[in-house]
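S.K.: the amino acid sequence is not available; the structure is as follows:
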């Protein structure tokens, strides 16, 4: 299996409450809605990069941080991370129960179960980080990516990369 890490109770109760405080007002209809951050409220996530010596090559790093609200009965099919994503971290927020994330490697499947305040993080090389996710009900996550801005082709995405 390619390297990944799962950390339960990642944020303190107070920090978790602060992160989740405003996100429930965001609604998703038939697609994933994102609300981007223009600052980094959780710099300790970036520190996890040093725990992953195997990762994509990059020229510089920026952060791409947002809430992702996934509508009920939505499935994001199996995919590898975009080449510009050097490290991916997803913090499960709300509700209490939902589907988590499945990681695929050859014949092995790891189901990272949903649990509020559980952080799932991975780095991989291209063609290695196959995963998918789905939502039984509206699914709220805090997504934190370390990205190489030189590799981002989407102009809209580039606008949301922060230092």
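M.R.: Structure received. If you're wondering where the values come from, they're calculated on a predicted model, not measured in any experiment. Numbering: from 1, shown residues only.

S.K.: for the chain, what spans make up the helices?
M.R.: Using DSSP state H, the helices of the chain run over residues 13-20, 155-159.

S.K.: most tightly packed of these?
M.R.: Most buried of the helices of the chain, by mean neighbour count (mean count of other Cβ atoms under 10 Å): helix 13-20, with a mean of 13. All C-beta spots, glycine's among them, are computed from the backbone N, C-alpha and C.

S.K.: list the contacts of that helix.
M.R.: Applying Cβ atoms under 8 Å, 6 or more residues apart in numbering, the external contacts of helix 13-20 come out as 11, 41, 42, 91, 93, 94, 116, 117, 140, 142.

S.K.: you'd agree the third one is up against residue 11?
M.R.: Yes. Counting by Cβ atoms under 8 Å, residue 42 does reach residue 11; the two are 7.3 Å apart.

S.K.: who touches both of the two?
M.R.: 19, 91.

S.K.: in TSV, list the contacts of helix 13-20 along with pLDDT, neighbour count and distance to residue 109.
M.R.: Below are the contacts of helix 13-20 laid out as TSV (pLDDT from 0 to 100; neighbours: other Cβ atoms under 10 Å; distance: Cβ to Cβ, whole Å):
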residue	pLDDT	neighbour count	distance to residue 109
11	98	20	28
41	96	13	32
42	97	19	29
91	98	24	22
93	98	21	24
94	97	15	25
116	98	17	23
117	98	19	24
140	97	22	24
142	98	25	24
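
S.K.: can you lay out the helices of the chain as JSON lines showing mean pLDDT?
M.R.: Converted to JSON lines, the helices of the chain look like this (pLDDT from 0 to 100):
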{"stretch": "helix 13-20", "mean pLDDT": "95"}
{"stretch": "helix 155-159", "mean pLDDT": "90"}
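
S.K.: can you say which of these is nearest to residue 2?
M.R.: Closest to residue 2 of those, according to Cβ to Cβ: helix 155-159, at 23.7 Å.

S.K.: circling back: can you put the helices of the chain in TSV and add distance to residue 2?
M.R.: Formatted as TSV, those follow (distance: least, Cβ to Cβ, whole Å):
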stretch	distance to residue 2
helix 13-20	27
helix 155-159	24
